[in-house]
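Trainee: Sharing a model prediction with you, sequence too.
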Amino acid sequence: DAKTTQPNSMESNEEEPVHLPCNHSTISGTDYIHWYRQLPSQGPEYVIHGLTSNVNNRMASLAIAEDRKSSTLILHRATLRDAAVYYCILMNNQGGKLIFGQGTELSVKP
Amino acid sequence: GAGVSQSPSNKVTEKGKDVELRCDPISGHTALYWYRQSLGQGLEFLIYFQGNSAPDKSGLPSDRFSAERTGGSVSTLTIQRTQQEDSAVYLCASSLGPGRWVVYGYTFGSGTRLTVV
């Protein structure tokens, strides 16, 4: 399975943008980049995904490098409720289990 | 249902007893997954069901762990002769099937917190 690398932790101030990086240098052409987040005492929730082009949804934006070896999850204005562990995961059409790394623990300061 | 439902939400059991954890996936989701998360740790894959195919059991930590999925819907994770190291949150997720899961991702339940005393 292709692996991802993320910083263990990041800090942000409330109402400021947050850029969460992810490296996936061994990504294959059929791998989608998925982001999930896990709020305290909850199961993970889907945030966003992409294949090649940048993506926007109501929660976040995903910027994908041209060579697809890295991506960045962008929270445009961090709120206290965005404090969570963010996981970057590769997923392909063959499907099956998602393998979660340690993720990035984001803390948001008021 | 609207989401993935897991029961019970909390379970305290004595060492050596058997426990059953239940997962009700989203209606129409053909794939179902079990994960375990020990305190302060990441998510550990346990087992995965897709339709009528043989389950991927590669993540089960020992033969004390087993899971069934009846009628392609509800799943039960059984832990026999529980040990203290089995204490964790057990999470269930479901998704649409091949080809569509990359588009719609997984939906997780809130988990069952198992404490073995």
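Mentor: That came through fine. Residues are numbered from 1 along each chain as shown, chains lettered A, B, ... in the order given.

Trainee: from memory residue A:17 sits against residue A:79, does it?
Mentor: No: counting by Cβ atoms under 8 Å, residue A:17 sits too far from residue A:79 to count as a contact (11.8 Å). The way it works is simple: take the backbone N, C-alpha and C, and place the C-beta from them, glycine included.

Trainee: Tell me, how many residues neighbour residue 103?
Mentor: Using chain A. Close neighbours of residue A:103, defined as other Cβ atoms under 10 Å in any protein chain shown, add up to 26.

Trainee: other chain: chain B
Mentor: A count of nearby residues for residue B:103, using other Cβ under 10 Å, gives 13.

Trainee: With residue B:45 instead?
Mentor: Neighbours of residue B:45 (other Cβ under 10 Å): 18.

Trainee: For residue B:104, what are phi and psi?
Mentor: When read as degrees, to the nearest 10, the backbone of residue B:104 gives phi -110, psi -10.

Trainee: Please tell me how far residue A:73 sits from residue A:8.
Mentor: 15 Å (Cβ to Cβ, to the nearest Å).

Trainee: more crowded one of these two?
Mentor: More crowded of residue A:73 and residue A:8, by other Cβ under 10 Å: residue A:73, with 25 against 9.

Trainee: what does chain A have sitting close to chain B?
Mentor: Contact residues (Cβ under 8 Å from any Cβ of the partner chain) of chain A with chain B: A:32, A:34, A:36, A:42-46, A:49, A:91-103.

Trainee: For the chain, which segments count as strands?
Mentor: Picking chain A for this. Secondary structure of chain A, counting by DSSP state E: strands at A:9-13, A:18-23, A:31-38, A:45-50, A:55-56, A:61-64, A:70-75, A:84-92, A:104-109.

Trainee: The chain in question should be chain B.
Mentor: Remark: strands assigned in chain B by DSSP E are B:5-7, B:10-13, B:19-24, B:31-37, B:44-50, B:65-69, B:75-79, B:88-95, B:107-108, B:112-116.

Trainee: Looking at those strands, which is nearest to chain A?
Mentor: Ranking the strands of chain B by proximity to chain A (Cβ to the nearest Cβ) places strand B:107-108 first, at 3.3 Å.

Trainee: Which strands and helices lie in contact with that closest one?
Mentor: Using 3 or more Cβ pairs under 8 Å, 6 or more residues apart in numbering or on different chains; DSSP states H and E as the contact test, the elements touching strand B:107-108 are strand B:88-95.

Trainee: Please list all residues in contact with the residue of chain A found nearest chain B.
Mentor: The nearest approach of chain A to chain B comes at residue A:43, 3.3 Å away (Cβ to the nearest Cβ). Residues counted as contacts of residue A:43 (Cβ atoms under 8 Å, 6 or more residues apart in numbering or on different chains) are B:4, B:91, B:93, B:108, B:109, B:110, B:111.

Trainee: Around chain A, pick out the residues from chain B.
Mentor: For chain B, the residues in contact with chain A (Cβ under 8 Å from any Cβ) are B:4, B:31, B:33, B:35, B:42-43, B:45, B:48, B:50, B:56, B:59, B:91, B:93, B:97-99, B:101-111.

Trainee: Just the buried ones from the residues you listed?
Mentor: Among the residues of chain B next to chain A, the ones that count as buried by 16 or more other Cβ atoms under 10 Å in any protein chain shown are B:4, B:31, B:33, B:35, B:43, B:45, B:48, B:50, B:56, B:59, B:91, B:93, B:98, B:101-102, B:105-111.

Trainee: re earlier: any chance of the contacts of residue A:43 in TSV, plus distance to residue B:21?
Mentor: As requested, these are exported to TSV (distance: Cβ to Cβ, whole Å):
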residue	distance to residue B:21
B:4	13
B:91	10
B:93	13
B:108	14
B:109	10
B:110	12
B:111	9
